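> take a look and give me a structure for this.
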Amino acid sequence: MSRARLYSYWRSTAAYRVRIALNLKGLSYETVAVDLKPGIDAQKSTAYTDRNPQGLIPFFEDGNVEIAQSMAILAYLDEQHPEPPLLPATAQMRGDVRSIAQLIACDIHPLNNIGVLTFLSDAMEIDATARGQWYENWIHRGFQSIEDTIRAKGDGFTIGDTPTLADVCLVPQVYNARRFNVPLSNYPEIVAVEQRCLDLPAFDEARPERQPDAPADG
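Numbers count the residues shown, from 1 in each chain. You can find the predicted model right below:
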């Protein structure tokens, strides 16, 4: 059986989610780097869009299975490799986990990804200060809700006492917030969960700076 492939970019928040899940599941895979840097834009090349018409990262191949979009990939991984599960045992906890994961993947991340930020700068001619305010606004709105949820329902991790899909989505989003210098002092619960996750090899090995396409100088 051929080895699974993850088409990835070291700084991609969505690809980071998938790397964490693959590591949690103990699955071996090959990283195929797709350089998203402006001026290179390998994701827009015909060679890539012939494979993934969405022209986005990540893209996952597992034998004859080909899946775009990180959340779809994560669902596939959990269905095909149910141990350890990304969703907890009870219906209430599964709902809580999905709620946090979707808040991040559907509400925070789409408004702050590189395509949106580039459009704000280039097409809308919004300056760097205003663009930073845009980014921070959506981070703070989402993170305050997550902070409150962890305080109420966390027990070491975002929901409960083991890593779940919520943590798989949260840790990359915290990385992204740090990258854009968003202050996190109001979110001690989020920061504590992030550190607890990063202490685990599955999360640690998925860090952007540890990827094969990461530049030597970070």
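> what ranges does the protein have for its strands?
4-8, 29-33, 59-62, 65-68 (DSSP state E).
> out of these, nearest to Tyr135?
With Cβ to Cβ as the measure, strand 4-8 is the member of the strands of the chain nearest Tyr135 (22.6 Å). In short, each C-beta sits where N, CA and C put it, glycine included.
> hmm, who's touching stretch 118-125?
Stretch 118-125 is contacted by residues 38, 126, 128, 130-131, 134 when judged by Cβ atoms under 8 Å, 6 or more residues apart in numbering.
> ok, those residues vs Leu22, which is closest?
Distances from Leu22 to these, taken by Cβ to Cβ, are shortest for Pro38, at 27.8 Å.
> how about the top helix by length along the chain, which residues are buried there?
Longest helix in the chain, counting residues (DSSP state H): helix 128-153. Going by neighbour count (16 or more other Cβ atoms under 10 Å), the buried part of helix 128-153 is 131, 134-136, 138-140, 142-143, 146-147, 149-150, 153.
> dump those residues to a markdown table, plus distance to Gln92 and pLDDT.
Below are the buried residues of helix 128-153 laid out as a markdown table (distance: Cβ to Cβ, whole Å; pLDDT from 0 to 100):
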| residue | distance to Gln92 | pLDDT |
| --- | --- | --- |
| Arg131 | 39 | 76 |
| Trp134 | 34 | 78 |
| Tyr135 | 33 | 83 |
| Glu136 | 32 | 87 |
| Trp138 | 27 | 86 |
| Ile139 | 27 | 92 |
| His140 | 27 | 92 |
| Gly142 | 21 | 94 |
| Phe143 | 23 | 96 |
| Ile146 | 17 | 97 |
| Glu147 | 20 | 98 |
| Thr149 | 13 | 97 |
| Ile150 | 16 | 98 |
| Lys153 | 9 | 96 |
